[in-house]
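Chemist: model the following, please.
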Amino acid sequence: MLSQIHITKEKYRSERSAEIAVACDITANSISVIFYDLALKRRYARTALFGESITAQNAAKELLRLFVTSLREYGIGASNVRRVGIAAPVHIESVLETELSVETLHLPPEIEVFFVPYISAGISGRFTATLLTLPGGDWLAAGIDGELCIARQSGGKLDCAAFSLNGAFDGSGLESGMPAENGAIDAVRREKDGSIVYEVVGDRDSIGVSPCGAAMAVNMMRETGTLDGDGIMTDRDLLYIGEDFFVSQSDVRVIQSDKARCRAAFETFGRSKRVFLSGEPFASESGLRAMLGLGAIPEYYGSAGFCRNSTEQGIIMFLESEEARSKAFEFAKNACDITSELLSAFDENYLKYLGF
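Modeler: A predicted model of the protein is given here:
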């Protein structure tokens with residue numbers, strides 16, 4: 001993971017109303033704050049912090065700093081904020097609920113601050129927010145970042161499970177890893193002449209490699225034979241992407257382990273006709289294809305719907321309507337966490353899918 005803190009700010013519109021909702025998405029290594037115009041029903045601006053571990057001890061301080069400076073940056077008065085919604089890992093959310101209030105956020109007392117409810121101790125409100133974005137009927141959905149959360153809705157029943165990962169797919173386990181924010185290398189390919197070309201989010205100087213870019217690089221090595229079936233780089237210890245960034249043998253090992261854990265989770269959990277995937281590796285269709293090539297997701301999920309981050313949109317939906325908030329609490333109340341029932345089969349499948 002990057003050793004320096006980075007903050008990116010984007011203002012999407014020049015005009016806005018006086019009714020703003022603020023969606024806050026907190027992961028183990030990033031915070032994003034999205035300003036959503038409730039009257040015009042569109043995103044107005046977004047600020048993201050990454051390059052630092054977010055813990056129960058520093059989450060409130062970092063979120064408050066990002067929140068206050070962003071209001072000032074975008075010229076949004078505290079009186080314009082109508083609602084604030086927060087989704088975070090369970091151990092962080094439990095602390096934020098006691099440390100954050102309208103007073104600490106410097107907002108008027110009538111403003112509502114919501115926390116997206118979590119499903120279980122292992123499945124946070126971030127995944128609940130993801131579930132809000134899904135259509136009706138039966139489906140299977142997975143969110144892949146620092147862990148893999150997976151759910152299947154079938155016949156009105158909702159089963160969920162969560163499996164830990166080692167940091168390949170949120171960037172925290174990669175030497176130059178970062179989320180697919182501005183400055184991230186998010187696409188890597190080899191030209192016919194053998195040269196390696198890459199693309200950077202925001203078309204600016206690169207500062208690190210996203211999980212999507214890393215997955216594409218490792219899949220490229222697999223296809224060209226510079227990575228053997230045991231995950232060993234055959235002619236080098238580093239694959240340089242440009243002059244400054246690389247994928248290392250240790251990165252390959254983390255990706256190898258996490259791709260096996262992902263595949264084991266999917267195989268253990270079972271199939272569905274409709275599949276939806278969310279996470280940093282799915283920042284583009286090329287990322288999805290790389291994950292298929294690596295074997296991280298089954299071949300029969302090749303037509304899955306995908307996006308980089310459905311959690312942010314889920315929090316916005318949670319803030320927009322009472323109906324969505326009620327649906328989120330129904331998910332949290334009725335979902336059944338079956339992780340413990342699957343662990344034995346998961347461990348067996350993990351060993352089966354370790355090779356490339």
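
Chemist: what's the distance between the nearest residue to Leu294 once chain neighbours are set aside and Gly355?
Modeler: Nearest non-adjacent residue to Leu294, counting by C-beta to C-beta, 6 or more residues apart in numbering: Lys259, 4.8 Å away. (Glycine included, C-beta is placed from N, CA and C.) Separation of Lys259 from Gly355 (C-beta to C-beta, to the nearest Å) stands at 10 Å.

Chemist: which of the two has more neighbours?
Modeler: Each of Lys259 and Gly355 has its neighbours counted (other C-beta atoms under 10 Å); Lys259 has more, 28 against 12.

Chemist: shouldn't the residue nearest to Leu294 be in contact with Gly295?
Modeler: Yes. Lys259 is within contact range of Gly295, at 6.0 Å (criterion: C-beta atoms under 8 Å).

Chemist: list residues touching both of these two?
Modeler: Common contacts of Lys259 and Gly295 (C-beta atoms under 8 Å, 6 or more residues apart in numbering): Tyr353.

Chemist: in the helix or strand that Leu343 is a member of, what counts as buried?
Modeler: Following DSSP states H and E, one finds Leu343 within helix 339-352. Residues Thr339, Leu342, Phe346, Asn349, Tyr350 are the ones in helix 339-352 that count as buried (16 or more other C-beta atoms under 10 Å).

Chemist: and which of the residues you listed is nearest Ile185?
Modeler: Distance to Ile185, by C-beta to C-beta, is smallest for Tyr350 among the buried residues of helix 339-352, at 28.6 Å.

Chemist: list the contacts of the residue nearest to the closest one when sequence neighbours are not counted.
Modeler: Once flanking residues are discounted, Tyr350 sits nearest to Ala264: 4.2 Å by C-beta to C-beta, 6+ apart. Contacts for Ala264 were tallied using C-beta under 8 Å, 6+ apart; they are Phe163, Phe346, Asp347, Glu348, Asn349, Tyr350, Lys352, Tyr353.

Chemist: would you point out the most distant pair within those?
Modeler: Taking C-beta to C-beta as the measure, those have their most distant pair in Phe163 and Lys352, spaced 14.9 Å apart.

Chemist: which element is Phe266 on?
Modeler: Using DSSP H and E, the element containing Phe266 is helix 249-269.

Chemist: got the angle between that helix and helix 339-352?
Modeler: Between helix 249-269 and helix 339-352, the angle comes out at 130 degrees (axes from the mean of the first three to the mean of the last three C-alpha atoms, to 10 degrees).

Chemist: given the helix or strand containing Leu277, what are its sheet partners and their directions?
Modeler: If you go by DSSP H and E, Leu277 is part of strand 275-279. Sheet pairing of strand 275-279 (DSSP bridges) gives strand 139-144 (parallel), strand 305-307 (parallel).

Chemist: quick one: mean pLDDT over the helix holding Leu343.
Modeler: Helix 339-352 comes out with an average pLDDT of 96.

Chemist: so what touches it?
Modeler: By C-beta under 8 Å, 6+ apart, helix 339-352 touches 122, 160-163, 260-261, 263-265, 267-269.

Chemist: adding pLDDT and distance to Val68, write those out as CSV.
Modeler: Output for those, formatted as CSV (pLDDT from 0 to 100; distance: C-beta to C-beta, whole Å):
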residue, pLDDT, distance to Val68
Gly122, 96, 32
Cys160, 98, 35
Ala161, 98, 38
Ala162, 98, 33
Phe163, 98, 36
Ala260, 98, 43
Arg261, 98, 38
Arg263, 98, 43
Ala264, 98, 43
Ala265, 97, 39
Glu267, 96, 46
Thr268, 97, 44
Phe269, 96, 41
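
Chemist: from those, which two are the most distant?
Modeler: Across these (C-beta to C-beta), the longest gap, 21.1 Å, separates Cys160 and Ala260.
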